[in-house]
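Engineer: Here is the input, now give the coordinates:
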Amino acid sequence: MNKYNAKKTTIDGITFDSKKESERYCELKLRARDKNNPITGLELQPEFPCNITQPNGMTIKVCTYRADFRYIENGKTIIEDVKGVKTPVYKLKKKLVEALYGIKITET
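Structural biologist: The predicted model follows:
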């Protein structure tokens, strides 16, 4: 158990940080097989390097943001994070990734 009372859970040999995240994984797996409401390309833990290029051309790695899931729904790429507690660090990284990559992170 971590400091936010999240309990690590293992499904399909994959250990998730919380029960909520593992349950969402199961939902997405079902959707991947659903002919009426399908998703494709389900990916776990996609990484987004957050690098800043300075005026002198030097690139500095600020951090790496790791989402919970990436998948395609109706031709659109969805980046999803399962959140119980939105820490200040998470909020900052989310804003940074959305600005750098021009994406919207979906929270469930």
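Engineer: what about the helices in the protein?
Structural biologist: All helices of the chain, identified by DSSP state H, fall at 19-33, 88-101.
Engineer: where are the low-confidence patches of this protein?
Structural biologist: 1-3 (pLDDT under 70).
Engineer: In TSV, list the helices of the chain along with mean neighbour count and distance to Arg70.
Structural biologist: In short, each C-beta sits where N, CA and C put it, glycine included. Putting these into TSV (neighbours: other C-beta atoms under 10 Å; distance: least, C-beta to C-beta, whole Å) gives the following:
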stretch	mean neighbour count	distance to Arg70
helix 19-33	15	10
helix 88-101	14	11
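Engineer: Can you say which of the ones you listed is nearest to Cys63?
Structural biologist: Each of the helices of the chain was scored for nearness to Cys63 using C-beta to C-beta, and the closest is helix 88-101 (6.3 Å).
Engineer: For the closest one, what is the distance to the chain centroid?
Structural biologist: How far helix 88-101 lies from its chain's middle: 12 Å, per C-alpha atoms, centre = their mean, to the nearest Å.
Engineer: Ok, stretch 69-77 next?
Structural biologist: For stretch 69-77, the distance to the chain centre is 12 Å (C-alpha atoms, centre = their mean).
Engineer: List of residues touching that stretch?
Structural biologist: Here stretch 69-77 makes contact (C-beta atoms under 8 Å, 6 or more residues apart in numbering) with 24-25, 28, 32, 39-44, 46, 78-82, 103.
Engineer: do the same with stretch 50-57
Structural biologist: Identification of contacts with stretch 50-57 by C-beta under 8 Å, 6+ apart yields 59-65, 93, 96-97, 100.
Engineer: Mind telling me the two of the residues you listed farthest from one another?
Structural biologist: Using C-beta to C-beta, the pair of these lying farthest apart is Thr59 and Lys93, separated by 18.0 Å.
Engineer: correct me, but Ile105 touches Ala67?
Structural biologist: Yes - checked against C-beta atoms under 8 Å, the pair Ile105 and Ala67 is within contact range at 6.6 Å.
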